[in-house]
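Okay, here's the prediction I keep looking at, along with the sequence it came from:
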Amino acid sequence: VGTNLTDLRLPRRARLRELGGCMGPIWPSYYGECSALMFVVDAANPSQVSSSCLQLLSVLSAAQLASVPVLVLFNKIDLPCYLSLVEMKSLFRMQDIVSCATQPVTAVETSARDGTGLADVLQWLRATLGETR
């Protein structure tokens with residue numbers, strides 16, 4: 001619980017601020033500083049899918065984030081009970097979200113434990129943040 005800051009070199013420096021889901025009520029106070037957004041979903045916890053989807057919809061509807069690119073990470077795919085990307089996209093209605101969102105939305109599967117999908121995340125960050133932001 002709280003916020004964590006991490007700096008990455010992509011090759012230029014990018015600051016990552018992690019805000020946990022329980023801190024959702026204060027997320028809007030950070031939107032003004034945001035150049036890109038990564039939204040992490042627990043793909044091994046189907047009981048949280050609906051609340052995660054509602055949180056994502058709230059984030060996507062924020063005026064300050066109207067043009068901020070969003071990467072949805074379906075995490076914990078290393079666990080035996082995870083929902084596949086196809087299942088998560090279906091439950092999230094990602095096709096509807098992407099078609100209605102004002103900002104670009106991308107989704108990838110990841111495992112923070114074993115690093116699966118990390119290359120895709122870094123590639124997205126590099127492409128999204130570019131050299132000049």
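Structure's in. What do you need? Numbering: from 1, shown residues only.

Flag every buried residue along the strand or helix carrying Asp7.
Assigned by DSSP states H and E, Asp7 belongs to strand 3-9. If you call a residue buried by 16 or more other Cβ atoms under 10 Å, then strand 3-9 has no buried ones at all. Every residue, glycine included, has its C-beta placed from N, CA and C.

What strands line up against the helix or strand that that strand is followed by, and which way round?
Helices and strands here follow DSSP H and E; after strand 3-9, the next one along the chain is strand 13-19. Here strand 13-19 is paired, per DSSP bridges, with strand 3-9 (antiparallel).

which residues are contacting the strand it pairs with?
13-19, 23, 125 (Cβ atoms under 8 Å, 6 or more residues apart in numbering).

Below-threshold pLDDT in this structure: ranges please.
Flagging of the chain using pLDDT under 70 yields the residue ranges 1-2, 131-133.

give me that answer again for 90
Within the chain, the ranges that satisfy pLDDT under 90 run 1-26, 30, 33, 46-51, 82-85, 87-89, 91-93, 129-133.

quick one, helices of it?
49-60, 85-92, 94-100, 118-129 (DSSP state H).

related to what we said a few turns ago, any idea how far the strand holding Asp7 is from the middle of the chain?
15 Å (Cα atoms, centre = their mean, to the nearest Å).
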